[in-house]
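> Just a sequence and a predicted model for now, questions to come.
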Amino acid sequence: MKKFEIQINRRKSLRLVSISAAWLVSGAFGPGVLAQSNYPDKPIKLVIGFPAGGSVDFIGRIVGEALGQRLKTSVVIENQGGAAGTIAAQRVVNAVPDGYTFLMGSSNELAGTGAVNPNQKYDAKKDFTPIGLMATAPVFFVAGPKAGVKTLDEFLVAARANPGKFSYGTSGVGSSLHFAGELLKQKSGVFMTHIPYRGVAPLSSDLVGGGIEVAMMSVPAAKGFMSTGRITAMGVTSAKRLPGFPNIPALGEHPALKGYEMNGWFAMMAPRQLPPDVTAKVQLALQAVLADPAIKAKLEEGGNIVATGKENLAALMATEAVQLGKLATFANMRE
């Protein structure tokens with residue numbers, strides 16, 4: 001009788017162990033919660049919400065390659081442009097939080113678009129696992145051949161004398177470029193019509209080809225056209241001039257734009273509920289990449305102020321959302 005009871009108990013124990021193991025494997029605690037001691041063991045995808053050639057792509061490719069070397073795996077860059085980065089952001093929000101899909105994001109889709117579109121499906125402050133801030137960056141206010149101006153002062157005089165003449169282009173509604181343009185309008189009192197584009201390539205083409213007069217453009221996107229004289233930078237949106245471009249004035253230097261400052265920023269994000277051990281490993285790798293002098297030099301060439309990756313990214317996002325929300329209300333930028 002005792003032998004029979006022992007066999008029954010053993011069978012129950014084995015069954016419980018099997019059920020428990022199956023429960024864990026099936027993700028009963030939610031996707032991505034199990035520790036991954038061998039992470040990473042396959043390629044990592046870095047999703048970028050803008051076409052190649054822009055500032056996010058510039059940073060994403062430099063950081064992505066170095067990150068792959070640190071984590072000892074291949075890193076695949078996937079550009080998915082549209083809607084000022086929100087299409088790519090939503091894709092990452094919906095991804096399995098297993099450490100193999102990340103967003104190389106920007107202040108556009110992580111703060112700006114939510115300020116202009118209250119119905120945005122994702123909440124950037126709740127639906128991501130922050131990995132780290134990579135850099136902050138101002139943008140250039142540039143004039144194309146159709147503008148007929150070369151300096152900020154010339155532009156302001158012409159814009160005031162001809163209300164409605166000027167249209168300015170950006171990479172999309174709610175982008176940091178859009179906010180930079182609306183802040184210029186607010187402080188100077190001039191009127192410009194906003195023309196949003198699906199990325200830097202069509203924006204650049206229209207500006208150089210005379211489709212629009214002026215634009216807000218990232219430093220990497222603008223400097224090639226500037227070097228050939230096809231566009232002219234009238235100012236930079238940072239509080240001070242950039243060391244690499246000492247002849248381009250800060251917009252705030254002009255009396256009509258006193259106190260002007262608008263910088264974009266770039267951050268690496270993962271889907272919500274990324275396992276803590278994976279989060280920590282990727283965070284440390286990112287911090288090491290950003291501390292590398294060679295990487296810092298490359299990023300600074302693009303007009304970026306390199307971060308440490310240790311900043312309080314969640315606090316930055318919350319503060320930015322409030323500030324941009326106020327500007328969106330003032331400028332009637334709501335979608």
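Arrived safely, thanks for sending.
> now for the longest strand along the chain, which elements pack on it?
Criterion DSSP state E: the longest strand present in the chain is strand 128-137. With contacts taken as 3 or more CB pairs under 8 Å, 6 or more residues apart in numbering; DSSP states H and E, strand 128-137 sits against helix 55-71, strand 264-271, helix 276-291, strand 305-306, helix 313-330. In short, each C-beta sits where N, CA and C put it, glycine included.
> Of those, which is nearest Lys258?
helix 313-330 (16.9 Å; CB to CB).
> Could you check how far that closest one is from the centre of its chain?
When distances are taken as CA atoms, centre = their mean, to the nearest Å, helix 313-330 is centred 15 Å away from the chain's centroid.
> now do stretch 216-223
With CA atoms, centre = their mean, you get 15 Å for stretch 216-223.
> Stretch 80-87 too?
The answer for stretch 80-87 is 10 Å, by CA atoms, centre = their mean.
> same thing with stretch 247-260?
Relative to its chain's centre, stretch 247-260 lies at 25 Å (CA atoms, centre = their mean).
> That stretch: end-to-end distance?
18 Å (CA to CA, to the nearest Å).
> Please work out which of the helices and strands packed on strand 128-137 is packed deepest.
Per-stretch averages of neighbours, counted by mean count of other CB atoms under 10 Å, single out strand 264-271 among the helices and strands packed on strand 128-137, with a mean of 25.
> May I have the strands that pair with that one, each with its orientation?
Applying DSSP bridges to the sheet, strand 264-271 is found paired with strand 101-106 (antiparallel), strand 128-137 (antiparallel).
> Give the next helix or strand downstream of the shortest one.
Just to be clear, that refers to strand 101-106. Using DSSP states H and E, the helix or strand that directly follows strand 101-106 along the chain is helix 107.
> helices and strands around the next helix or strand after that following helix, which ones?
Helices and strands here follow DSSP H and E; after helix 107, the next one along the chain is helix 113-116. Using 3+ CB pairs under 8 Å, 6+ apart, the elements in contact with helix 113-116 are helix 313-330.
> who touches the helix it packs on?
107, 110-112, 114-116, 124-125, 130, 132-133, 174, 179, 182-183, 186, 265, 267, 333-334 (CB atoms under 8 Å, 6 or more residues apart in numbering).
> repeat that for 10 Å
Helix 313-330 is contacted by residues 107, 110-118, 123-126, 128, 130-134, 136, 174, 176, 178-179, 182-183, 185-186, 262, 265, 267-269, 307, 312, 333-335 when judged by CB atoms under 10 Å, 6 or more residues apart in numbering.
> So how do I select the buried members of these in PyMOL?
Command for PyMOL that selects the buried part of the contacts of helix 313-330, burial taken from 16 or more other CB atoms under 10 Å:
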select buried, resi 107+110+111+112+113+114+115+116+117+124+128+130+131+132+133+134+136+174+176+178+179+182+183+185+262+265+267+268+269+307+333
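> what's the domain layout of this structure?
1-29, 44-138+264-330, 139-257 (automatic domain parsing).
> To Ser37, which of these lies closest?
domain 44-138+264-330 (7.7 Å).
> roughly how far out does that closest one sit from the chain middle?
5 Å.
> same deal with stretch 187-207?
19 Å.
> can you check stretch 154-166 too?
The answer for stretch 154-166 is 32 Å, by CA atoms, centre = their mean.
> distance of the nearest residue to Gly210 once chain neighbours are set aside from Asp153?
Distances taken as CB to CB, 6 or more residues apart in numbering put Lys146 closest to Gly210, at 4.2 Å, once the chain neighbours are dropped. To Asp153, Lys146 is 19 Å away according to CB to CB, to the nearest Å.
> Now do the contacts for Asn304.
55, 58-59, 62, 134-138, 218-220, 242, 263-266, 296, 298.
> oh sorry, the question was meant for Asn162
190-191.
> ok, now how distant is it from Phe191?
From Asn162 over to Phe191 the distance is 10 Å, taken as CB to CB.
> How about Ala239?
From Ala239 to Phe191 the distance is 25 Å (CB to CB).
> again with Val219
Distance from Val219 to Phe191, by CB to CB: 26 Å.
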